[in-house]
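In: what shape does this take:
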Amino acid sequence: MKYFGTDGFRGRANDVLTAEHAFRIGRFLGYAASGKRRGRVVIGKDTRRSSYMLEYALAAGVTASGADAYLLHVTTTASVSYLVRTEGFDYGVMISASHNSFEDNGIKLIASGGEKCPDDVLLRAERCLEGEFKLPLATGEDIGCTVDFVAGRNRYLGFLLSLASGSFRGYRVGLDCANGSAWALARTVFEALGAEVHAIGVSPDGFNINKNCGSTHLAALQELVLAEGLDLGFAFDGDADRCIAVDERGRIVDGDGILYLSARAMKARGEAVTGVVGTVMSNLGLVRSLEREGIPCYLTDVGDRFVAEEMASRGCMLGGEPSGHVIFRKYAATGDGILTALMVMEAVRRAKCSLSCLVEGLERLPRVEKNVRVVDKTAAMSAANGVLERAKSLLKDGRVLVRPSGTEPFIRILAEGEDAAACGEAAELIARAIAGAEGGVCAGS
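Out: Down below sits the predicted model:
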């Protein structure tokens, strides 16, 4: 597809993604939602300055096509998904570029079941963006209206609070809300459940979303947990569909760790764990560790959408990515960072032990990951493929994965195996080939 990637239509605001694009997407959604009754589309946004512009452009498009636009204002992606599913909306929209810096923004489309829209809907939206067909404008009483739907956020908040089976009183918890969507919601949830909360990343100004904070910049949360002697901490990204944990020793517990402890917790509670879905980016140590617990682990393509689809096809209730997109299918159709944090807290509370204790036994193979910023992803991948076999030969029992990012101008490189030094050598070989071929700038991650 030309506009929609693995996580929606994303790019630099008013350059790649403009208000005109948002208006046309709104026109399409309003038209697609309208039938025998007036259509309804619910819209949420993160804290970026450009989110306001895109929000009102979307709402204008929706109402011009004859549907009603319900505005949640600043909220999380997962809350939009929840409300679409439970309140009978035709579509949901989340305005966010997730973990990207404030200059970027994005539009994610959510279907009536709470999951991301299927390809056929996105392709129709792209045809509208390209001006391939003209949509009728609503007139007179058929013109839609906008509804201030702050009440929807409160319903989602109530849902989150209902998930805890006991109080978190006595726990001291750190939260890094990335100056994004979770900045008010997450603290409210944890304080309402009795935890002593120490929060950072809760002063959004339109420009500081994800800036040296959140799930992609964990040093600040690690420092907070250690300095304040907290029991654990959680970091979210810009739209709060990711969660990465930090244990009491300041060590990172990523999505793989959360999947491992959650699967074991579910099994301990007597729940049927038919399998866990990860992605090709999951550490192979996770697969081995789960199999030792008698739990099969299935790997799919990168992207929470593909994880959700694989979970549905296999009947699995748990799946996710190392980046912190974790789906608990009993409760949600997509990744929900705050829900994930609550599930981890529940596991800690029920086990009456530390977070570090819950991830003991998780095997991790050495790995090296690198990103290479590129202009032409096709040319960059060609250069990488030219040295791929050589890189693989450096790893006796490991693997090498090279893929273009679906959300950013990067080629992602992963080398994993028993020998950490060999992994570094293999990753560096590919990074140099890409950088040399088209002037890329190599950045480790």
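In: can I see the domain layout of this protein?
Out: 4-150, 163-358, 367-444 (automatic domain parsing).
In: which of those comes out lowest on mean pLDDT?
Out: Least confident of the domains of the chain, judged by mean pLDDT, is domain 367-444 with a mean of 86.
In: report the distance from that one to the chain centre.
Out: Remark: domain 367-444 is offset 23 Å from the chain centroid, using C-alpha atoms, centre = their mean, to the nearest Å.
In: where do the helices of the stretch 301-445 of the chain begin and end?
Out: With DSSP state H, counting those that start in this stretch as the criterion, the stretch 301-445 of the chain has helices at 304-314, 337-351, 355-358, 377-393, 420-438.
In: any chance of CSV for the ones you listed, columns mean neighbour count and distance to residue 238?
Out: Glycine gets a C-beta too; all of them are placed from N, C-alpha and C. Shown next, in CSV, are the helices of the stretch 301-445 of the chain (neighbours: other C-beta atoms under 10 Å; distance: least, C-beta to C-beta, whole Å):
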stretch, mean neighbour count, distance to residue 238
helix 304-314, 20, 15
helix 337-351, 23, 10
helix 355-358, 19, 24
helix 377-393, 16, 23
helix 420-438, 19, 27
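In: for these, which one sits closest to residue 196?
Out: Among the helices of the stretch 301-445 of the chain, the nearest to residue 196 by C-beta to C-beta is helix 337-351 (12.6 Å).
In: check the offset of that closest one from the chain's centre.
Out: 18 Å.
In: ok, now how distant is the nearest residue to residue 309 once chain neighbours are set aside from residue 144?
Out: Closest residue to residue 309 apart from its sequence neighbours, by C-beta to C-beta, 6 or more residues apart in numbering: residue 300 at 7.6 Å. Using C-beta to C-beta, to the nearest Å, we find residue 300 at a distance of 38 Å from residue 144.
In: just want to know which of the two has more residues nearby.
Out: The residue with more neighbours, out of residue 300 and residue 144, is residue 144; 25 against 21, by other C-beta atoms under 10 Å.
In: where does the closest residue to residue 142 other than its chain neighbours land in three-state SS?
Out: Closest residue in space to residue 142, ignoring its immediate chain neighbours: residue 66 at 4.8 Å, by C-beta to C-beta, 6+ apart. Three-state assignment for residue 66 (DSSP: H, G, I helix; E, B strand; the rest coil): coil.
In: wait, residue 66 sits on residue 35?
Out: No. Judged on C-beta atoms under 8 Å, residue 66 makes no contact with residue 35 at a distance of 10.2 Å.
In: and these two? which has more neighbours close in?
Out: Shown here are residue 66 and residue 35; by other C-beta under 10 Å, residue 66 has more neighbours (22 against 10).
In: residues touching that one, list them.
Out: 30-31, 34, 38-39, 138, 142-144 (C-beta atoms under 8 Å, 6 or more residues apart in numbering).
In: for it, grab phi and psi.
Out: Phi and psi for residue 66, reported as degrees, to the nearest 10, are phi 100, psi 10.
In: from here on, call the first residue 22.
Out: Sure thing, new numbering starts at 22, so read that last one as residue 87.
In: and the spatially closest residue to residue 348 that is not a sequence neighbour, how many residues sit next to it?
Out: Residue nearest to residue 348 in three dimensions, not counting chain neighbours: residue 340, with 5.1 Å by C-beta to C-beta, 6+ apart. Counted by other C-beta under 10 Å, the residues lying close to residue 340 total 31.
In: gap between the spatially closest residue to residue 60 that is not a sequence neighbour and residue 148?
Out: Nearest residue to residue 60, sequence neighbours excluded (C-beta to C-beta, 6+ apart): residue 54, at 2.7 Å. Applying C-beta to C-beta, the value for residue 54 to residue 148 is 17 Å.
In: quick one: neighbours of residue 197, just the number.
Out: Per other C-beta under 10 Å, the neighbour tally for residue 197 reads 30.
In: bridged to it, which residues?
Out: residue 221, residue 256 (DSSP bridges).
In: can you give me the helices for the stretch 122-271 of the chain?
Out: 140-150, 171-183, 206-213, 240-249.
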